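[1] Provide a 3D model corresponding to the input given below.
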Amino acid sequence: MTELQLTLNHEFPDMELLAEEPLFKHTSFKIGGPAEVFALPGNTHELSRLLRWCYGAGITPRILGSGTNVLASDAGRRGLVICTRNCTEPLERLDDNHIRCAAGVSMARLATYACSLGLSGLEFAHGIPGSVGGGLYMNAGAYGGEMKQVAIRTWYLDMTGELRCLEGEAQDFSYRHSAFTGKPWIITEAEFALTPDEPQRIRERMQELMSKRKSSQPLDLPSAGSTFKRPVGGYAAALIDQAGLKGLQIGGAAVSTKHAGFVVNLGGATEEDVNNLIAEIQRRVLAHSGIALEPEVIRF
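    This next block holds a predicted model:
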């Protein structure tokens, strides 16, 4: 075992710590080499303790949620990766209109929970893969809905392990951006303001959006969702399609023939395959339309 593995096992004997854990097991792209230490704290208290220790030891961890919007390195990560997917409490109703939810809860579970309470506003989230923390980090959205419409306050831990909160406009939500984007903070919980409605009507809207997603997106193949952000003056998928790139393949990575906005893993794709394909798409779309596409996928 490495020195870091031995030290963390000694300092946190009750925490789930995996040595040389393959990241491909924890990303929707199914790509990624081993993490030297892969930590899975079970709650905010454990997470805070771990961050305080890291701060004192001069260690900067990498943070992973559900891994649905990332491309992990084939070489893996030396050092510490902290995964928050086991941080799933609380998930509770606060009053007639408000829900408080932990970052590790899946977007689908949050939407279903809200529906069961007869609270509308999260229907768009039902089909979005990933966790609430990741959704807040990038202001996830679909079909006209986004997190900024419902998230009224967000709690987070800074790198010293101190719990803090941002409310309202301080969350700085915009298209695929929030106050947390690019910051060394870990979202722990959020409060959502929703609107009462009949559960059956909410459920029908969720089912309608899920049907649209299934009919138009390559959900049967590993991917990281939409590969590119929506550019000014167009849609990434349309621009890629117009450039004749549907089905373009490099190694095991390909532009989906079902939805040109998705790069998919046909089997055995590497980080290099995906990066090379993204670069080639950018090059050809720029040449065809004059529009520069910006990746939405986060390199990890």
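[2] Return the list of strands paired to the helix or strand hosting residue 17, each annotated with direction.
    Element membership for residue 17 (DSSP states H and E) is strand 16-22. Its sheet considered, strand 16-22 pairs with strand 34-40 (antiparallel) by DSSP bridges.
[3] Sketch out the helices for the chain, chain order is fine.
    3-11, 44-57, 107-116, 132-137, 199-216, 236-242, 271-289 (DSSP state H).
[4] Which among the ones you listed is found nearest to residue 176?
    helix 132-137 (9.7 Å; Cβ to Cβ). C-beta: built from backbone N, CA, C; applies to glycine.
[5] Please work out which helix or strand belonging to the chain has the smallest mean pLDDT.
    strand 141-142 (a mean of 89; mean pLDDT, DSSP states H and E).
[6] what does that one contact?
    124, 125, 127, 128, 147, 148, 209, 213 (Cβ atoms under 8 Å, 6 or more residues apart in numbering).
[7] do stretch 161-174 as well
    44, 47-52, 55, 136, 139, 146-148, 151-158, 178-179, 185, 188.
[8] Please look at residue 46 and residue 13 and confirm they touch.
    No - judged on Cβ atoms under 8 Å, residue 46 makes no contact with residue 13 at a distance of 11.8 Å.
[9] List the contacts of the residue positioned nearest the centre of the chain.
    In the chain, the residue lying closest to the centroid (Cα atoms, centre = their mean) is residue 134, at 3.8 Å. Applying Cβ under 8 Å, 6+ apart to residue 134 gives the contacts 65, 66, 68, 69, 140.
[10] And these, which is closest to residue 226?
    Scanning these for proximity to residue 226, where the rule is Cβ to Cβ, the winner is residue 69, at 8.7 Å.
[11] Setting the sequence-adjacent residues aside, check what's closest to that closest one.
    residue 224 (5.3 Å; Cβ to Cβ, 6 or more residues apart in numbering).
[12] Count the residues that sit near that neighbour.
    26 (other Cβ atoms under 10 Å).
[13] OK, contacts around it?
    27, 28, 29, 68, 69, 70, 71, 263, 297.
[14] so what pLDDT did the residue nearest to the last one when sequence neighbours are not counted get?
    Spelled out, it's residue 297. Nearest non-adjacent residue to residue 297, counting by Cβ to Cβ, 6+ apart: residue 224, 4.7 Å away. Residue 224 carries a pLDDT value of 95.
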